[in-house]
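**Q** sequence and predicted structure are below.
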Amino acid sequence: MVTVEGLPPFEVIDAPPGIRCWGTDAPAVRWDGGRDVRVYVVREDDEPDLPEGIDPGLIRGVVGNLDGYLHAALAYLQASVLADPEFFGLGADDVAAYEALEPHELPLSEPELTFRTGDEWDLRFGEGSIPICDPYGIVVTFDRDRPVRVEDLSEAEDA
């Protein structure tokens with residue numbers, strides 16, 4: 001069992017071959033109508049056991065300021081949609097509708113956090129009506145406090 005101060009203990013959960021995964025719900029962190037936000041820590045099989053290599057301060061900081069990180073991710077996604085709508089499966093006609101939205105109005109929900117070894121971590125929206133979200137959602141990867149890229153999960157294999 002893995003612990004991070006301020007969060008319930010992380011429990012081992014089933015994972016695809018080659019990785020190990022621990023998860024917990026952050027009960028004090030609620031978004032999208034009161035749903036608990038799931039927090040994961042993922043390690044490759046050849047990486048050391050937890051807690052070696054994870055930064056509990058980073059996890060605590062993200063969970064403690066989840067609203068701020070959600071806003072940053074949504075603003076980054078909106079800017080990315082406007083810059084390259086085709087990547088998101090949108091046509092030129094769709095751009096005006098997304099431009100008129102506030103970032104928090106983007107049609108995305110079911111946020112989850114995933115931390116790995118190092119400074120990068122993911123905020124995945126598991127549901128959304130943007131075409132790229134089908135079927136597994138969309139990921140914004142952060143480098144500590146800064147969103148750095150959007151990952152397309154539409155071609156991912158079911159684990």
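**A** Good, I have the coordinates. Just so it is clear, the model here is predicted, and its values are computed rather than measured.
**Q** the residue lying farthest from the centre of the chain and residue 99: what is the separation?
**A** Using C-alpha atoms, centre = their mean, the residue of the chain lying farthest from its centre is residue 93. It sits 27.9 Å away. For residue 93, the distance to residue 99 equals 12 Å [C-beta to C-beta, to the nearest Å]. For glycine as for every other residue, the C-beta is placed from the backbone atoms N, C-alpha and C.
**Q** again with residue 2
**A** Counting by C-beta to C-beta - residue 2 and residue 99 are separated by 42 Å.
**Q** ok, these two, which is more surrounded?
**A** Using other C-beta atoms under 10 Å, the more surrounded residue of residue 2 and residue 99 is residue 2, with 17 against 10.
**Q** ok, the more buried one touching residue 42?
**A** No - the pair residue 2 / residue 42 is not scored as a contact, 11.6 Å apart, by C-beta atoms under 8 Å.
**Q** show me what residue 111 is bridged to.
**A** residue 125 (DSSP bridges).
**Q** so what's it scoring on pLDDT?
**A** Residue 111 is assigned 92 on the pLDDT scale.
**Q** neighbours of it, just the number please.
**A** A total of 23 residues lie near residue 111 under the criterion other C-beta under 10 Å.
**Q** now swap in residue 52 and tell me
**A** Counted with other C-beta under 10 Å, residue 52 comes out at 9.
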